[in-house]
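Engineer: here is my input, please return the structure:
(2 chains)
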Amino acid sequence: AQSVAQPEDQVNVAEGNPLTVKCTYSVSGNPYLFWYVQYPNRGLQFLLKYITGDNLVKGSYGFEAEFNKSQTSFHLKKPSALVSDSALYFCAVRDSYYGGSQGNLIFGKGTKLSVKP
Amino acid sequence: DSGVTQTPKHLITATGQRVTLRCSPRSGDLSVYWYQQSLDQGLQFLIQYYNGEERAKGNILERFSAQQFPDLHSELNLSSLELGDSALYFCASSVEETGFGNTIYFGEGSWLTVV
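Structural biologist: Numbers count the residues shown, from 1 in each chain, chains lettered A, B, ... in the order given. So this is what the prediction gives:
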């Protein structure tokens, strides 16, 4: 079964410093990986995705993610954090199991990012 | 704004009652997904519809049901509500049924509180 793990419940970063939010995955077949962000009392916003091609994927709001097949990781990164980046971040993998779910997203537990001034 | 519209935004109801959550997908999207977000279970996939037909089921209780109408809007019906059903319910949509690379866009969610 497809799954993702976000090993950190919370990440604390000072404004202006680089940030990394970690995600590892387990899939059978090709991985289709996504990052979403949830601001307080808001819905999930799509940030970026990896389907195929370059291992470094660029997304919205200056975020990027690095796909590493050998380490089965898809870490979210940003060179310089902003206080406004403080939110809940979810890694997800697209379920490709045809016996049941067809293409829905399987989410990690989420990582709370806190950026301090 | 993702283009996915959900109503109502907030709902408070009593145990044993029934509620209906409504979702309008993004223009042109044929697939609609429902997810439940709670503190203890995280984000759980409930059910998917494609062009009016049920396509996939996740961890959806028998007390819950959904449908997608010819105009592609969808409704999630929750009945015999229990305190544990209190959660944020998301609707999401995407353009294709089994296009795994397609992005799924989420609405703002419907907050359900059962008292």
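Engineer: buried ones in stretch B:63-77?
Structural biologist: B:64, B:66, B:68, B:72, B:74, B:75, B:76 (16 or more other Cβ atoms under 10 Å in any protein chain shown). Just so you know, the C-beta spots here come from the backbone N, C-alpha and C atoms, and that holds for glycine as well.
Engineer: quick check, nearest of these to chain A?
Structural biologist: The closest of the buried residues of stretch B:63-77 to chain A turns out to be residue B:66 (Cβ to the nearest Cβ; 13.2 Å).
Engineer: lowest average confidence, helix or strand, in the chain?
Structural biologist: You didn't pick a chain, so chain A it is. Least confident helix or strand of chain A, by mean pLDDT, DSSP states H and E, is strand A:105-107 with a mean of 91.
Engineer: my question was about chain B
Structural biologist: Within chain B, no helix or strand scores below strand B:53-57, which has a mean of 89 by mean pLDDT, DSSP H and E.
Engineer: list the contacts for residue 107?
Structural biologist: Answering for chain A, as no chain was given. A:4, A:36, A:90, A:91, A:92, B:42, B:43 (Cβ atoms under 8 Å, 6 or more residues apart in numbering or on different chains).
Engineer: please go with chain B instead
Structural biologist: A:43, B:2, B:4, B:5, B:6, B:23, B:90, B:91, B:92.
Engineer: repeat that for residue A:84.
Structural biologist: Counting by Cβ under 8 Å, 6+ apart, residue A:84 has contacts residue A:115.
Engineer: three-state assignment of it?
Structural biologist: Under DSSP: H, G, I helix; E, B strand; the rest coil, residue A:84 falls in the helix class.
Engineer: can you tell me the element residue 112 falls in?
Structural biologist: Since no chain was named, I'll use chain A. In this assignment (DSSP states H and E), residue A:112 forms part of strand A:111-116.
Engineer: could you do chain B instead?
Structural biologist: According to DSSP H and E, residue B:112 maps onto strand B:110-114.
Engineer: got the buried residues for that strand?
Structural biologist: Those would be B:110, B:111, B:112, B:114, for strand B:110-114 by 16+ other Cβ under 10 Å.
Engineer: quick one: list the elements packing against the least confident helix or strand of chain B.
Structural biologist: strand B:42-50 (3 or more Cβ pairs under 8 Å, 6 or more residues apart in numbering or on different chains; DSSP states H and E).
Engineer: and if we set it to 10 Å?
Structural biologist: strand B:31-38, strand B:42-50, strand B:64-68 (3 or more Cβ pairs under 10 Å, 6 or more residues apart in numbering or on different chains; DSSP states H and E).
Engineer: who's in contact with residue A:60?
Structural biologist: By Cβ atoms under 10 Å, 6 or more residues apart in numbering or on different chains, the contact set of residue A:60 is A:35, A:37, A:45, A:46, A:47, A:48.
Engineer: do that again at 8 Å, thanks
Structural biologist: Residues near residue A:60 by Cβ under 8 Å, 6+ apart: A:45, A:46, A:47, A:48.
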